[in-house]
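>>> quick one, what's the 3D model for this:
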Amino acid sequence: MFGIKLIKAERLRRFLVILFYLGFAVTMIYCFLHTDNSDDKVLYILLCVFIPFGLWYEMIRYKYTECNDYLHDRCCPNKVLRLTQFIYKYDIFKRYKLQTMYLEGFALIDLARTEDAKNFILKSLDRLAGTGKKLNFEYNYLNFMLWTIEKDKKEVQIYYTSLKKIFSMNKNSNENILSLKYMVDGIYCYTNKQYKNAKMFFDRVKSELLGKHECAWYYFYFSKILFENNEVKNSTQYFLKACEMAPNIKIFTK
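A predicted model of the protein is given here:
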């Protein structure tokens, strides 16, 4: 669920991949030029044909990684939507289609385009997610966040129940996962107007362990929870934190 950041390890991987394909191409050309066997020449030509496919795969993978990073680390939903369209167009084998659709769904919510998000999930994502969607974290988390914004308690309950089941299956949860679980519990309590319980769960969250996107949403909902608990000053501080951390998430100021 948390975005793949374009850190040094990822850049190093891309450099090594390019180096590999360059070395492979040079080797094939060298072998082609230094053999007199026609069968060997055909073989080297066929092997070279795989290079464009390998580079294509790496390009799609890079764009997906970049898209993931723009959502979870840079919080730029408009950029995410542009990148998703590129991936849909060129990912001819649909290798990253489902993962990309989750990113698009979150970007639509961030931009306060909740009606578009609902139509997108019902018409496209539901079908593609298939029979395994009940235990798919991204699918249930996306729907949970959407329906909490829409204040549809019935739908919130459905996806909260699925998320609780998914969390319970992870017996060795680290602090990152526990913080996200407490955040989900807190949002659920807030939706059901259990404001004291919501604050109790949010107090347990270690925000420094959340990704930037999740942390911004944490601040946003904490501001709402604090307001309902008559802590107006703290509520304002958390709201400003959310807006400062992710100024491109439009739904915060809708």
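>>> quick one, helices of the protein?
Ranges of helices in the chain, per DSSP state H, are 8-33, 38-72, 77-90, 97-110, 114-120, 126-129, 137-150, 153-169, 175-191, 195-204, 212-228, 232-245.
>>> adding mean neighbour count, write those out as TSV.
For the C-beta atoms, the positions are set from N, CA and C on the backbone; glycine is no exception. TSV is the format used below for those (neighbours: other C-beta atoms under 10 Å):
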stretch	mean neighbour count
helix 8-33	12
helix 38-72	16
helix 77-90	18
helix 97-110	22
helix 114-120	16
helix 126-129	14
helix 137-150	21
helix 153-169	16
helix 175-191	20
helix 195-204	17
helix 212-228	22
helix 232-245	15
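>>> weakest of the ones you listed in terms of mean pLDDT?
The minimum mean pLDDT among those belongs to helix 126-129 (a mean of 71).
>>> and the contacts of it?
Residues outside helix 126-129 that contact it (C-beta atoms under 8 Å, 6 or more residues apart in numbering) are 97-98, 101, 133, 136, 139.
>>> save those residues as JSON lines, and put in distance to Lys63 too.
What follows is the contacts of helix 126-129, written out as JSON lines (distance: C-beta to C-beta, whole Å):
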{"residue": "Lys97", "distance to Lys63": "12"}
{"residue": "Leu98", "distance to Lys63": "15"}
{"residue": "Met101", "distance to Lys63": "14"}
{"residue": "Lys133", "distance to Lys63": "25"}
{"residue": "Asn136", "distance to Lys63": "23"}
{"residue": "Tyr139", "distance to Lys63": "22"}
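>>> out of the residues you listed, the closest to Tyr62 would be?
Lys97 (16.1 Å; C-beta to C-beta).
>>> wait, isn't the closest one in contact with Thr84?
No - using C-beta atoms under 8 Å, Lys97 is not in contact with Thr84, being 9.7 Å away.
>>> next one: phi and psi at Pro247?
When read as degrees, to the nearest 10, the backbone of Pro247 gives phi -70, psi -20.
>>> what pLDDT does it get?
We have a pLDDT of 97 for Pro247.
>>> so what's the residue count around it?
Residues within reach of Pro247, counting by other C-beta atoms under 10 Å, total 13.
>>> how much space separates Lys79 from Phe144?
24 Å (C-beta to C-beta, to the nearest Å).
>>> check Val156 too.
Distance of Val156 to Phe144, computed by C-beta to C-beta: 7 Å.
>>> before we move on, what about Lys118?
Going from Lys118 to Phe144 by C-beta to C-beta gives 13 Å.
>>> try Lys94
According to C-beta to C-beta, Lys94 stands 26 Å off from Phe144.
>>> check Met183 too.
11 Å.
>>> try Leu209
Using C-beta to C-beta, Leu209 is found at 20 Å from Phe144.
>>> could you do Phe32 as well?
Phe32 is 56 Å from Phe144, where distance means C-beta to C-beta.
>>> re the thing from before, identify the contacts common to Val156 and Phe144.
With contacts defined as C-beta under 8 Å, 6+ apart, no residue is shared by Val156 and Phe144.
>>> where does the closest residue to Arg61 other than its chain neighbours fall, phi/psi-wise?
Once flanking residues are discounted, Arg61 sits nearest to Tyr96: 7.4 Å by C-beta to C-beta, 6 or more residues apart in numbering. The phi/psi pair for Tyr96 (degrees, to the nearest 10) reads phi -120, psi 10.
>>> ok, Tyr96 - contacts?
Tyr96 sits next to 60-61, 64, 87 when contact means C-beta under 8 Å, 6+ apart.
>>> ok, those vs Tyr195, which is closest?
Nearest to Tyr195 among the contacts of Tyr96, with distances taken as C-beta to C-beta, is Tyr64, at 38.9 Å.
>>> quick check: the closest one touching Gln99?
Yes - counting by C-beta under 8 Å, Tyr64 touches Gln99, with 6.7 Å between them.
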